[in-house]
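Asker: Here's a sequence, model it:
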Amino acid sequence: MSLAIRFWTLVVNMLCIPMHVINAVGLYKVYKRVFPMILRSFSASYNQKMHERKVELFRSLSEFIKPGGKLTILEIGCGTGTNFQFYPPGCKVICTDPNPHFQKYLEKSMKENEQLTFDRFVVTSGEDMASVGDESVDVVVCTLVLCTVRDVPQTLREVHRILRPGGAFFFLEHVVADSSTWAYFFQHVLQPAWYYFGDGCKVTRETWKYLEGAGFSELKLRHVEAPLVFILKAHIVGSAVK
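Answerer: Numbers count the residues shown, from 1 in each chain. Purely as a prediction, here's the structure:
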């Protein structure tokens, strides 16, 4: 199958030459203005299909509230704010995303979730969250984001830095499928085109390996199947304690 993957990936790459050129000359940034609208529609559908998974994942958020304090959550790649409805009332939320065009959709989600306190929106990548202090948050949340960051280990180092001792990282991410499946084949073949459609999304990442090597004191991770299009079915879900 590896030879077939290489051949058909080359074919798709050739078909994507116009997109490669558009990206090289800087015109792809126009799509970044449109992408928030596309993601908003996808996220609404994703929340419906993955509602129970998210409820289960975020059920234990309140366990990380410091005695006498308020839970502080930092969400990496907050997008349109579709996770807000799952956060416990009264918690403080810091939002980060490298795409500034998400802000108007984010503000709408904030108004719809008045039970939360919103600290600020920071336009930055997951690899460089220098504006967030060391050991300053109780929880970091990341859903469908580690597929798009350029450097997963650096992003996880930043997560580790900003979490207080005993704080937790909650994640829900799509990953590469089992190598014996057709999903694996098509993930690799379609990756060159999917990269542009998904604004840098990589469906071929073995994200769980990065989490296993990130130095957390406790890691709870499960592989699950999501009711989504075949190249996005394989998911990992869980939490990690600093």
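Asker: Return the set of buried residues in stretch 198-216.
Answerer: Across stretch 198-216, burial judged by 16 or more other CB atoms under 10 Å covers G198, D199, C201, K202, V203, R205, T207, W208, L211, A214, F216. Using the backbone N, CA and C atoms, a C-beta is placed for each residue, glycine as well.
Asker: who touches the fifth one in this structure?
Answerer: With contacts defined as CB atoms under 8 Å, 6 or more residues apart in numbering, V203 is in contact with C147, H174, V176, Q187, L190, Q191, W194, I231, L232.
Asker: now do 10 Å
Answerer: 147, 174-177, 183-184, 186-188, 190-191, 194-195, 231-232, 234 (CB atoms under 10 Å, 6 or more residues apart in numbering).
Asker: ditto for the first one
Answerer: When contacts are counted by CB under 10 Å, 6+ apart, G198 is found next to F35, I38, L39, F42, L144, C147, T148, Q191, L232.
Asker: Tell me the pLDDT of it.
Answerer: In this prediction, G198 carries a pLDDT score of 92.
Asker: Distance-wise, check it relative to I38.
Answerer: The span separating G198 from I38 equals 9 Å under the rule CB to CB, to the nearest Å.
Asker: ok but V34 is inside a strand, no?
Answerer: No. Counting by DSSP: H, G, I helix; E, B strand; the rest coil, one finds V34 to be helix, located in no strand.
Asker: Counting neighbours, what do you get for it?
Answerer: Residues within reach of V34, counting by other CB atoms under 10 Å, total 11.
Asker: quick one: it and C95, what's the gap?
Answerer: According to CB to CB, V34 stands 21 Å off from C95.
Asker: Same check on V132?
Answerer: Distance, V132 to C95, by CB to CB: 11 Å.
Asker: The contacts of V203 in strands, which ones?
Answerer: Cross-referencing the contacts of V203 against strands under DSSP state E gives H174, A234.
Asker: tell me which of the contacts of G198 is nearest to N23?
Answerer: Looking at these and their distance to N23, the nearest is F35, at 13.7 Å (CB to CB).
Asker: Centre-most residue in the protein?
Answerer: In the chain, the residue lying closest to the centroid (CA atoms, centre = their mean) is V145, at 1.8 Å.
Asker: ok, and the closest non-adjacent residue to that one?
Answerer: Once flanking residues are discounted, V145 sits nearest to G77: 3.5 Å by CB to CB, 6 or more residues apart in numbering.
Asker: quick one: that neighbour and T143 touch, right?
Answerer: Yes. Taking contacts as CB atoms under 10 Å, G77 lies within contact range of T143: 7.8 Å.
Asker: Among these two, which residue is more densely surrounded?
Answerer: Per other CB under 10 Å, whichever of G77 and T143 has more neighbours is T143, with 26 against 22.
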